[in-house]
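Student: A predicted structure for the sequence below; I have some questions about it.
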Amino acid sequence: MKSVAVFALVLLTLIFFSISAQAAMPTITIHSPKAAVYNTTGILIDVQTSISANVTYTVNNGPNLTLFTDSNKANRSSTFYQSFVDGSNTLKVFATDGNDTAVSTVSLTVDTEIPTLTIRTPDNGASFGKPNVFFEFVPKDNLAASLACALTINNKVEGTIDVPSDFRGSFDKLLGVGNYTWKVSCQDTANNTISTTRTLTVQPNCGVFVRNLTINNNNIVSFLIENTGTINQIVDYTLKVNLQTAVINYTKINITKSVPVQTVYNFPLGVHQVEAEAKTDCGATSLEKLGYAKSPGENTSCILPTGNHNQISCDTNKRTLIQCQNGLWNVYTKDPTGYCASCGHCGDGTVNCGETQTSCPQDFGLSVSCDCTNRTLTLGLTPKTGQEFYNYCKSSCNLTCFSDSDCQEGAQCVDYGCSQRSGSCLVSVKNFDYTKQLSVSSEGYAIATIKNTGVLNGSVNVKFFVDNLERGNVRLPTMIPGKENSTSFYFKFNQPGSKTLKLEATSSCGAFDRETANITVYTANTVGPGQSQSVTEATFSSSENATVNTTVGQGKELKLGLLSSQPQVIRISVTGIPEEWLDYPKIIGVENDRSVRIFVDPKTPGDYNFTVFVEGKEKNFTFASTLKVLDKVPVKKLETTNIMLIIVVLIAIFCVVVYLGSRVLHKEGF
């Protein structure tokens, strides 16, 4: 009876622990960082697992660092990690519970570089005699495709716009007479912000302009009077035909507004001189003249000026295109932009067609001179620099750029000339490794990873020195931005003592980086600390042609053991498994024995025949195996009530077994 009871209890205990083990499979939750853009390299790593486990992490396939272990039954911990780099980063978290390893990955971007902002117009302290003020600027960011920009005038946001990086953005604002402080600010997707603050003044200015003087149907005269100043004005206007007053009147015109005037006048046959004149109460005047000929029939030529029927011509007095129809010159309305595109508008006596003081100073009534030495454009008595100087004087002063956008990639604009940008040509030497202890006449190694960390394509020359004497060199011909390439050198010494190793990398655009180290060379036929006399060997955790089983999302760690009697460079490659599933070093140095971790993070179920190839200096090894990836089957946690029910049922079965057993023994006389 006691044996039956013991057996039942053991069976019950095994079932209970089996259920508990299946109900507590570890999962990983990464609370921080998220898949987002950060503007700092110091980011909190906050990880939680469903149960206590050994948790480690890597950043950008770097060293495997411990976050917490299951020794204190921990299942959540955080650390402040300072080594994220500008650009793309990958964080991998591994949680190991017994023989099973779970993995979770998050990709994030770090952008700490402040955007640049070039203000093209207006200049700081600019003064305007018109109410329309045009703001133009160029934002540029190293990563963001576009930037959110805003215009603030006197501490009030007057407009927002998304501007593509390295493209022009603009605002057009109507400002009254007064002094203004304005600011353009732009922000990239990582919330890095750049802003420029300037001032401007809108001066009281009196201005009027008469335009579009036309005659329709041989008797309807019309024209437009425009307030071109910065104050509201009372305007007297007069229409004369052949110097005789036909209409005289006045009107009030507010800033930026215009008033149309139309009247009927019966022209007799012949040639006529028509004049429309406007005078403001503050003294500004404008006059437009029109020659008009009333002819007796259709398809006749025009006079004053001479022109054939349907001929199109430029009229700089009207600032428009005109067409000869039935002996009369009429405004050509089918191409409203044709005057600015086809006619010599610079010199027509008015500021139009987007003219500026530098593009057409004569319409502003200014004399012009370029001082190439002092980088100054003089308009009348006013010196101009910056964009205005560049636009007008670039040919005569042999200037090539005003901003970085005028130069090729990797170059910047300095003193109106393109030169190589600081930081565009960069190269780095990293992961420098070498034989730490070496005996005379034995061969040692030095390896390093060379990376193009700039934005320019080019080649890199790598040189290896021992005690400042060059012992080898190699050229890496094609190094695009961000590309890495590993290189190695072997060396021997005939005399013992301390030696200095140096590896230098120089890019074709002039960038330079180096790494140095000191080693000790021992007397011949002696062994330095940590060295071995074993032959070169390699072992793999999976036996030849064996199957490695895992499931989707459950990482698997394979171990490669290396043993060498001499320092050497080992290259490792894995084929048959997608590269993006793998995490392992491609090149390492081995002095005695070393264990290499090959981690697999499978994404798709199936059978994958893979090969691990180990290339040594004199001996190679090949290991073949099969990775069997099963589809992930979620294990549901048993509810507490269900567990209790199972326990109750098992206890009942146990009691029944004990009872029946006692009855049998009783009948047999025990």
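Tutor: Ah, there it is. All of these numbers come straight from a predicted model, not from anything done at the bench. Residues are numbered from 1 along each chain as shown.
Student: what mean pLDDT does the one helix or strand Asn485 maps to have?
Tutor: Assigned by DSSP states H and E, Asn485 belongs to strand 484-492. Across strand 484-492, pLDDT averages out at 86.
Student: residue boundaries of the strands in the stretch 551-670 of the chain?
Tutor: With DSSP state E, counting those that start in this stretch as the criterion, the stretch 551-670 of the chain has strands at 554-563, 568-575, 582-583, 587-590, 593-600, 606-615, 620-630.
Student: for Tyr434, find the nearest of those.
Tutor: strand 587-590 (6.8 Å; C-beta to C-beta). Where C-beta positions appear, they are placed from N, C-alpha and C, glycine not excepted.
Student: could you give the number of residues near Gln244?
Tutor: 8 (other C-beta atoms under 10 Å).
Student: report the beta-bridge partners for it.
Tutor: Gln244 forms beta bridges with Val241, as assigned by DSSP bridges.
Student: pLDDT wise, what is it at?
Tutor: pLDDT at Gln244 comes out at 92.
Student: switch to numbering from 544
Tutor: In the new count, where the first residue is 544, that last one comes out as Gln787.
Student: hang on, the earlier thing: direction included, what does the strand holding Asn1028 pair against?
Tutor: strand 986-995 (antiparallel).
Student: note down every partner strand of the helix or strand just after the strand it pairs with and its orientation.
Tutor: As assigned by DSSP H and E, the chain's next helix or strand after strand 986-995 is strand 1001-1009. The strands beside strand 1001-1009 in its sheet (DSSP bridges) come out as strand 1012-1022 (antiparallel), strand 1040-1050 (antiparallel).
Student: for Gly1149, find the nearest of these.
Tutor: strand 1012-1022 (35.3 Å).
Student: does Gly630 really touch Thr655, like I thought?
Tutor: No - judged on C-beta atoms under 8 Å, Gly630 makes no contact with Thr655 at a distance of 10.1 Å.
Student: so which residue is dead centre in the chain?
Tutor: With distances taken as C-alpha atoms, centre = their mean, the chain has Leu686 as the residue nearest its mean C-alpha position (1.1 Å).
Student: not counting sequence-adjacent ones, nearest residue to that one?
Tutor: Excluding the flanking residues, the one nearest Leu686 by C-beta to C-beta, 6 or more residues apart in numbering is Asp654, at 4.9 Å.
Student: now the nearest residue to Thr1066 once chain neighbours are set aside: how far from Val1064?
Tutor: Of all residues not flanking Thr1066 in the chain, Pro1039 sits nearest, at 5.0 Å (C-beta to C-beta, 6+ apart). Remark: distance between Pro1039 and Val1064 (C-beta to C-beta, to the nearest Å) = 5 Å.
Student: give me the more crowded residue out of these two.
Tutor: Val1064 (22 against 15).
Student: kindly check the end-to-end length of stretch 767-785 for me.
Tutor: 20 Å (C-alpha to C-alpha, to the nearest Å).
Student: centre of the chain to that stretch, how far?
Tutor: 53 Å (C-alpha atoms, centre = their mean, to the nearest Å).
Student: what does stretch 618-637 give?
Tutor: Distance, stretch centre to chain centre, for stretch 618-637: 21 Å (C-alpha atoms, centre = their mean).
Student: for the closest residue to Thr736 other than its chain neighbours, list each beta-bridge partner.
Tutor: Closest residue in space to Thr736, ignoring its immediate chain neighbours: Gln730 at 4.6 Å, by C-beta to C-beta, 6+ apart. Going by DSSP bridges, Gln730 is paired in beta bridges with Ala691, Thr736.
Student: residues in contact with Gln730?
Tutor: 658, 690-692, 736 (C-beta atoms under 8 Å, 6 or more residues apart in numbering).
Student: same thing but at 7 Å, please
Tutor: 690-691, 736 (C-beta atoms under 7 Å, 6 or more residues apart in numbering).
Student: same question, Tyr933
Tutor: 942, 945, 959.
Student: neighbours around Ile1023, how many?
Tutor: Neighbour count of Ile1023, defined by other C-beta under 10 Å: 10.
Student: which pLDDT value belongs to the closest residue to it other than its chain neighbours?
Tutor: Distance criterion C-beta to C-beta, 6+ apart; nearest residue to Ile1023, sequence neighbours excluded, is Asn1000 at 5.4 Å. On pLDDT, Asn1000 comes in at 82.
Student: same deal with Ser563?
Tutor: pLDDT recorded at Ser563 is 46.
Student: do the same with Val1176
Tutor: For Val1176, the predicted pLDDT is 57.
Student: likewise for the one 4 residues further on?
Tutor: With respect to pLDDT, Lys1180 scores 45.
Student: overlap of the contact sets of Pro1039 and Val1064?
Tutor: Joint contacts of Pro1039 and Val1064 (C-beta under 7 Å, 6+ apart) are Val983.
Student: just the strands paired with strand 1001-1009: most buried one?
Tutor: A comparison of the strands paired with strand 1001-1009 by mean neighbour count, using mean count of other C-beta atoms under 10 Å, puts strand 1040-1050 on top with a mean of 17.
Student: work out the gap between that one and the centre of the chain.
Tutor: For strand 1040-1050 - counting by C-alpha atoms, centre = their mean - the centre lies 36 Å from the chain centre.
Student: after that strand, next one along is what?
Tutor: That would be, after strand 1040-1050 and using DSSP H and E, strand 1055-1065.
Student: show me what contacts Asp666?
Tutor: Gly929.
Student: let's see it at 8 Å
Tutor: Asp666 neighbours (C-beta under 8 Å, 6+ apart): 741, 927-931.
Student: which one of those residues is nearest to Val1117?
Tutor: Using C-beta to C-beta, the contacts of Asp666 come closest to Val1117 at Gln930, 57.1 Å.
Student: what pLDDT does that closest one get?
Tutor: pLDDT at Gln930 comes out at 85.
Student: which of the residues in whichever strand or helix holds it are buried?
Tutor: Following DSSP H and E, one finds Gln930 within helix 929-936. Neighbour-count burial for helix 929-936 flags 930-933, 935-936 (criterion: 16 or more other C-beta atoms under 10 Å).
Student: might you list the low-confidence residue ranges for the stretch 544-693 of the chain?
Tutor: 544-568, 615-616 (pLDDT under 70).
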